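Engineer: Sequence below, structure please.
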Amino acid sequence: MALVEVQVPDIGDFDEVTVIELMVKVGDTVKAEQSLITVESDKASMEIPSSTAGVVKEMRVALGDKVKQGSIVLVVEAAGAAAAPAAASAAPAAAVVAPAPATAPVAAAPVAAASGPVEVHVPDIGDFKDVVVIEVMVKPGDNIKVEQSLITVESDKASMEIPSSHAGVLQEIKVKVGDKVNIGDLLAVLTGTVAAVAPVAASVAAAVAAPVAVASAPAAAPTPVAAAVAAVAAPAHAPGGTTLGLPHASPSVRKFARELGVPLAEVKGSGLKGRITEADVQAFTQAVMSGAAQTKAQAAKAPAASGGDGAALGLIPWPKVDFAKFGPIERKEMGRIKKISGANLLRNAIMIPAVTNHDDADITDLEAFRVSTNKENEKSGVKVTMLAFLIKACVAALKKYPEFNSSLDGDALVYKNYWHIGFAADTPNGLMVPVIRDCDKKGVLQISQEMGELAKKARDGKLSPAEMSGATFTISSLGGIGGKYFTPIINAPEVAILGVCKSTMEPVWDGKQFVPRLMLPLSLTWDHRVIDGAAAARFNAFLGQILSDFRRVLL
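Structural biologist: Residues are numbered from 1 along each chain as shown. Here you go, the predicted model:
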């Protein structure tokens, strides 16, 4: 076994570049040519490969360090004979920028002038074939300058911009994002008076070089284009500056994102200067798959919430107002839960022909029973709420009127022979709906206990997706706050929802006199495609009867 120091190879005329990503750690087994770190100058990003295979014993650089040719990156315990040090033979190994030859480059100078169509071809990009176009930076009609970047291409290890060898007006762009190009491919057609420069040759030869030894093939001739080296470099990330649209990530991370179908522009980077890492891509993928986040493409498939323009529904545009011109404002982004629930609520409110019935239930005797039950069970630590009784009463009503416990499936109704009740829980992050399963098999005490546990999980943000799915009917209670009646929105694919407000003591005529009774406001919203008004009135009346005399739940 031998300890080998892996050094930074020749990276061109850049004296010091910043380490912005560490791609390995101590203890990792690396292969020859495996990328170790990503470095960045003001014009380029590049991955530095390993010249030796083995186990990483020591890291010699950290994030933010400045390195140059010959700087030691890490120490590897080689499995066999050490590979040749990364010196001249690995000069352009992973360089995104091709080093200019020893002769100092001279300023770009026109060598000919012409008028009429002029073709711009892909210059020499070394021994690499089929590099992918990942960005088109110009469009027909643009005035193009000599050495202006036209497209960005990418290999497995590097990215670079391809500059124009001529100036003029862009008549036609011959490539698009996703195309694969090679040296000599027609890139664009320019018209007008065109100033030509000597072709960009060896100056871009190593621009998309993967980690292979090519130093034995020196540059063919000094390039006459002084800006060519910088022009072919991948655009570096400049926080706060103008970007060219590319996400701030290394080529390998962008390739990883493409394989997973992840839109990198929507991923928030956690690396240095906001750089997107492989871990960020994985976290974004997990969030989308779990339903915790949506891509812009997913969100576009459904009408947006309050910020939508209504175009998908054929509505007039949403008003755009500069509120600041009327007075001081403060802008706060909506939380993740509100964004997700908002889109669902809008869909349900628009697509379901909903009707709401309002009624009152006399819960005077039931409230007295609830208070006495809590006194008898003080030692158990379980506090019975009116909502627990409501859940049991709703199960009885759902059994009597099973269409309220169904769901639409095309032109058919799916009747469910289970009774899972969701209840709306107000949390610091927004409205959540935990679900209590098999309420028909549980008593009021057990329902109260589970409801308390689920409500606490909701407030703590620890509810799992399984604990919020499968409901057949939902209750939205404002009892602890106030109000009289409201119109709750049905939680699709359910077909009904019950809203309850704070109970109040009211005078009720008993046939002889007015007596004080505790009345509970009920608001039943139902899907008119499934339920008609008569059935809804019967459901509400039956529910009120059970709440006024809870012994009916046993019938």
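
Engineer: for the chain, what's the longest strand?
Structural biologist: strand 514-527 (DSSP state E).

Engineer: Sheet-wise, list the partners of that one with their directions.
Structural biologist: Strand 514-527 pairs in its sheet with strand 354-362 (antiparallel), strand 496-500 (antiparallel), strand 504-509 (antiparallel), by DSSP bridges.

Engineer: Next one: the residue nearest to A279 when sequence neighbours are not counted from H248, what distance?
Structural biologist: Closest residue to A279 apart from its sequence neighbours, by Cβ to Cβ, 6 or more residues apart in numbering: S270 at 7.2 Å. C-betas here are computed from N, CA, C, even on glycine. Going from S270 to H248 by Cβ to Cβ, to the nearest Å gives 11 Å.

Engineer: What segments of this structure are helices?
Structural biologist: Secondary structure of the chain (DSSP state H): helices located at 228-231, 251-260, 278-290, 296-300, 336-351, 364-376, 386-400, 444-460, 533-548.

Engineer: Extract the C-alpha set from stretch 175-191 and format it as PDB.
Structural biologist: The C-alpha atoms that make up stretch 175-191 are tabulated as PDB, following Å, rounded to 0.1, in the frame of the first residue of the first chain:
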ATOM      1  CA  VAL A 175     -29.900  23.600 -32.800                       C
ATOM      2  CA  LYS A 176     -32.200  23.300 -29.800                       C
ATOM      3  CA  VAL A 177     -32.000  22.200 -26.200                       C
ATOM      4  CA  GLY A 178     -31.400  18.500 -26.000                       C
ATOM      5  CA  ASP A 179     -29.600  18.200 -29.400                       C
ATOM      6  CA  LYS A 180     -26.200  16.500 -29.500                       C
ATOM      7  CA  VAL A 181     -23.500  18.300 -31.400                       C
ATOM      8  CA  ASN A 182     -19.900  17.600 -32.600                       C
ATOM      9  CA  ILE A 183     -17.100  19.600 -34.100                       C
ATOM     10  CA  GLY A 184     -18.100  21.100 -37.400                       C
ATOM     11  CA  ASP A 185     -21.900  20.900 -36.900                       C
ATOM     12  CA  LEU A 186     -23.800  23.900 -38.300                       C
ATOM     13  CA  LEU A 187     -24.800  26.000 -35.300                       C
ATOM     14  CA  ALA A 188     -26.300  29.200 -36.700                       C
ATOM     15  CA  VAL A 189     -26.600  31.400 -39.800                       C
ATOM     16  CA  LEU A 190     -25.800  35.100 -39.600                       C
ATOM     17  CA  THR A 191     -26.700  37.800 -42.100                       C
END
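
Engineer: Now do the same for that stretch: mean pLDDT, whole number.
Structural biologist: Mean per-residue pLDDT for stretch 175-191: 89.

Engineer: now stretch 347-367
Structural biologist: Mean predicted lDDT for stretch 347-367 stands at 95.

Engineer: Next: stretch 394-401.
Structural biologist: Rounded mean pLDDT across stretch 394-401 is 97.

Engineer: chain center to that stretch, what's the gap?
Structural biologist: 41 Å (Cα atoms, centre = their mean, to the nearest Å).

Engineer: what does stretch 539-549 give?
Structural biologist: Chain-centre distance of stretch 539-549: 46 Å, with Cα atoms, centre = their mean.

Engineer: got the buried residues for it?
Structural biologist: By neighbour count on 16 or more other Cβ atoms under 10 Å, the buried set for stretch 539-549 is 539-540, 542-548.

Engineer: How about stretch 481-498?
Structural biologist: 485, 488-491, 494-498.

Engineer: Just name the closest of the residues you listed to N429, please.
Structural biologist: N491 (17.9 Å; Cβ to Cβ).

Engineer: residue contacts, that closest one?
Structural biologist: Residues near N491 by Cβ atoms under 8 Å, 6 or more residues apart in numbering: 348, 422, 433, 471, 474, 497.

Engineer: can you give me the strands in the stretch 1-150 of the chain?
Structural biologist: Secondary structure of the stretch 1-150 of the chain (DSSP state E, counting those that start in this stretch): strands located at 2-7, 17-22, 29-30, 35-40, 45-49, 54-59, 66-67, 72-78, 112-114, 118-121, 131-136, 143-144, 149-154.

Engineer: okay, the ones you listed in a markdown table with distance to D409 next?
Structural biologist: Converted to a markdown table, those look like this (distance: least, Cβ to Cβ, whole Å):
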| stretch | distance to D409 |
| --- | --- |
| strand 2-7 | 61 |
| strand 17-22 | 50 |
| strand 29-30 | 53 |
| strand 35-40 | 51 |
| strand 45-49 | 52 |
| strand 54-59 | 56 |
| strand 66-67 | 62 |
| strand 72-78 | 59 |
| strand 112-114 | 69 |
| strand 118-121 | 58 |
| strand 131-136 | 44 |
| strand 143-144 | 58 |
| strand 149-154 | 46 |
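
Engineer: hmm, back to that, top of the contacts of N491 by number of neighbours, please.
Structural biologist: The member of those that has the most neighbours, counting by other Cβ atoms under 10 Å, is I497 with 27 neighbours.

Engineer: Hmm, V26 and K57 touching each other?
Structural biologist: Yes. The pair K57 / V26 is scored as a contact, 6.8 Å apart, by Cβ atoms under 8 Å.

Engineer: More neighbours: which of the two?
Structural biologist: The neighbour comparison of K57 against V26 (other Cβ under 10 Å) goes to K57, with 14 against 11.

Engineer: And the more buried one, what's its pLDDT?
Structural biologist: At K57, pLDDT is 91.

Engineer: pLDDT weak spots in the protein?
Structural biologist: 1, 12-14, 42-44, 79-116, 125-128, 156-159, 193-247, 272-273, 290-292, 299-313 (pLDDT under 70).

Engineer: distance of G271 from G64?
Structural biologist: Distance, G271 to G64, by Cβ to Cβ: 11 Å.

Engineer: the more surrounded of those two?
Structural biologist: G271 (20 against 10).

Engineer: List the contacts of that one.
Structural biologist: So G271 contacts 20-21, 277, 280 (Cβ under 8 Å, 6+ apart).

Engineer: need the contacts of N491 in CSV with distance to C394, can you?
Structural biologist: Listed next are those as CSV, based on distance: Cβ to Cβ, whole Å:
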residue, distance to C394
N348, 20
G422, 11
V433, 15
A471, 11
T474, 10
I497, 10
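
Engineer: of all these, which comes closest to V414?
Structural biologist: Of all the contacts of N491, A471 has the smallest distance to V414: 13.9 Å, by Cβ to Cβ.

Engineer: If the nearest residue to the closest one once chain neighbours are set aside is in a bridge, with which residues?
Structural biologist: The shortest distance from A471 to any non-neighbouring residue, by Cβ to Cβ, 6+ apart, is to G422 (3.4 Å). Taking DSSP bridges as the rule, G422 bridges to V435, T474.

Engineer: any idea how far G422 is from F486?
Structural biologist: From G422 across to F486, the span is 17 Å (Cβ to Cβ).

Engineer: What of S155?
Structural biologist: S155 is 60 Å from F486, where distance means Cβ to Cβ.

Engineer: Kindly report the same for H248.
Structural biologist: On the measure of Cβ to Cβ, H248 and F486 end up 47 Å apart.

Engineer: How about A62?
Structural biologist: 58 Å.

Engineer: S155 against V131, yeah?
Structural biologist: Yes. Between S155 and V131 there is a contact under Cβ under 8 Å: 5.2 Å.

Engineer: so how many other residues sit close to K379?
Structural biologist: Residues within reach of K379, counting by other Cβ under 10 Å, total 6.

Engineer: of S155 and V131, who's got more company?
Structural biologist: Taking neighbours as other Cβ under 10 Å, S155 and V131 compare with V131 leading, 25 against 22.

Engineer: beta partners of that one?
Structural biologist: When bridges are called by DSSP bridges, V131 pairs up with V181.

Engineer: Hmm, it is touching I183, no?
Structural biologist: No. Counting by Cβ under 8 Å, V131 does not reach I183; the two are 9.7 Å apart.

Engineer: ok, L345 touching I490?
Structural biologist: No. L345 is beyond contact range of I490, at 9.6 Å (criterion: Cβ under 8 Å).

Engineer: I appreciate the help and will end here.
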